[in-house]
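A.B. asks: With the sequence up front, the predicted model follows.
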Amino acid sequence: MDAQHELRVAVIVVAAGSGERLGQGQPKAQATLGAEPLLAHALRGVLAARVGQLVCVVVPRGDTELRAVCAGIDPEIITVDGGSTRSDSVGNALAVLPEGMDAVLVHDAARPLTPEEVFHRVRNALDAGAKAVIPALAVVDTIKRAQPAADPGIAPEQVHSTPQREELRAVQTPQGFDLATLRTAHEAATMFDDAQAAAITDDAMLVESRGVSVFLVRGSELSLKITTPTDLLIAEALLEGPAAPRWVEG
Ligand SMILES: Nc1ccn([C@@H]2O[C@H](COP(=O)(O)OP(=O)(O)OP(=O)(O)O)[C@@H](O)[C@H]2O)c(=O)n1
Ligand SMILES: C[C@](O)(CO)[C@H](O)COP(=O)(O)O
């Protein structure tokens, strides 16, 4: 990329998950946080950060509520149906992006409080020439690798080993990529079998496996992912507190 050319960036927000672990019986992106759906918070953060020329939101197939949330915030937002896995949902968005984009940020609607600064760090790394960049935090717990139990559910698991904590990072979104690099990696993943496909938990994995260098920038504790009911309680407390992102006022 020459220094004169400003990157044209698309932001994909994946919001097509079912929210099984949250257990509200509705798509997770519809769950209410401070009187608004998670998707509305996530989109407000994306738009406040001004890191892209367009936003594409991936919604559950047949959804009308999340489409209405998008239209109510910015009628220019593109919406597309999701797939059965997160990776399929990202692939569906990659397929509908208009011509002329250079790079893409992929963000989880399930991270409603991601501060603008995190978007900027990712975008800045792309501007500096990175093909792949992800926000991350140092891990605070000691992590153990478990040995698969001989009789799952009967015999207790045993510890296999303890990775060095200094080397571990908990990664977040938005994850930023050169668009052609991410598209090639997703196309290769369409050949995966079901077990391989189920094991793809983020986009960076797909480009890593192709030998692309993935750079890390600092994430944020505010950027927690809403997965369980406890996460939603924590997010409510964060939203009320002094550390809430500036854009939560609307
Ligand atoms: N088929 C899917 C699965 C997930 N996602 C999105 O990917 C992000 C991270 O996924 P996760 O937190 O696992 O959400 P769910 O799949 O909804 O959660 P669960 O596994 O508890 O059902 C979320 O913003 C979710 O909406 C998606 O767009 N399409
Ligand atoms: C992409 C991600 O949010 C990075 O932390 C995470 O891997 C998504 O995982 P999930 O199991 O789909 O929630």
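C.D. replies: Now that the structure is in, tell me what you want to look at. Ligands and ions are numbered 1, 2, ... in the order given.
A.B. asks: tell me which parts of this protein are close to ligand 1?
C.D. replies: With Cβ under 6 Å from any ligand atom as the criterion, the chain meets ligand 1 at residues 14-21, 28-29, 58, 82-86, 89, 108-110, 225, 227. In this view, the C-beta of every residue, glycine as well, is placed from N, C-alpha and C.
A.B. asks: What about these, which are in helices?
C.D. replies: 86, 89 (DSSP state H).
A.B. asks: contacts with ligand 2 among the residues of the chain next to ligand 1, please.
C.D. replies: Residues of the residues of the chain next to ligand 1 in contact with ligand 2 (Cβ under 6 Å from any ligand atom): 86, 108, 225, 227.
A.B. asks: Of those, select the buried ones using a PyMOL command.
C.D. replies: To isolate the buried members of these in PyMOL, using 16 or more other Cβ atoms under 10 Å:
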select buried, resi 86+108+225
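A.B. asks: List the backbone torsions phi and psi for residue 125.
C.D. replies: Here is the backbone geometry of residue 125 (degrees, to the nearest 10): phi -70, psi -40.
A.B. asks: My understanding was that it contacts residue 217; is that so?
C.D. replies: Yes: taking contacts as Cβ atoms under 8 Å, residue 125 lies within contact range of residue 217: 5.6 Å.
A.B. asks: Give the intersection of the neighbour lists for the two.
C.D. replies: The contact sets of residue 125 and residue 217 overlap at residue 133 (Cβ atoms under 8 Å, 6 or more residues apart in numbering).
A.B. asks: what's the helix or strand encompassing residue 69 packed up against?
C.D. replies: Using DSSP states H and E, residue 69 sits in helix 65-73. Secondary-structure packing of helix 65-73 (3 or more Cβ pairs under 8 Å, 6 or more residues apart in numbering; DSSP states H and E): strand 36-37, helix 38-49, strand 54-59, strand 78-81.
A.B. asks: now the angle from that helix to helix 38-49?
C.D. replies: Counting by axes from the mean of the first three to the mean of the last three Cα atoms, to 10 degrees, helix 65-73 lies at 30 degrees to helix 38-49.
A.B. asks: Pull helix 65-73 out as PDB, backbone CA atoms only.
C.D. replies: C-alpha atoms of helix 65-73 as PDB (Å, rounded to 0.1, in the frame of the first residue of the first chain):
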ATOM      1  CA  GLU A  65     -35.700  -6.800  15.000                       C
ATOM      2  CA  LEU A  66     -32.000  -6.400  14.600                       C
ATOM      3  CA  ARG A  67     -32.500  -5.100  11.000                       C
ATOM      4  CA  ALA A  68     -34.800  -2.400  12.600                       C
ATOM      5  CA  VAL A  69     -32.100  -1.600  15.100                       C
ATOM      6  CA  CYS A  70     -29.600  -1.000  12.300                       C
ATOM      7  CA  ALA A  71     -32.100   1.100  10.300                       C
ATOM      8  CA  GLY A  72     -32.900   3.200  13.400                       C
ATOM      9  CA  ILE A  73     -29.300   4.000  14.000                       C
END
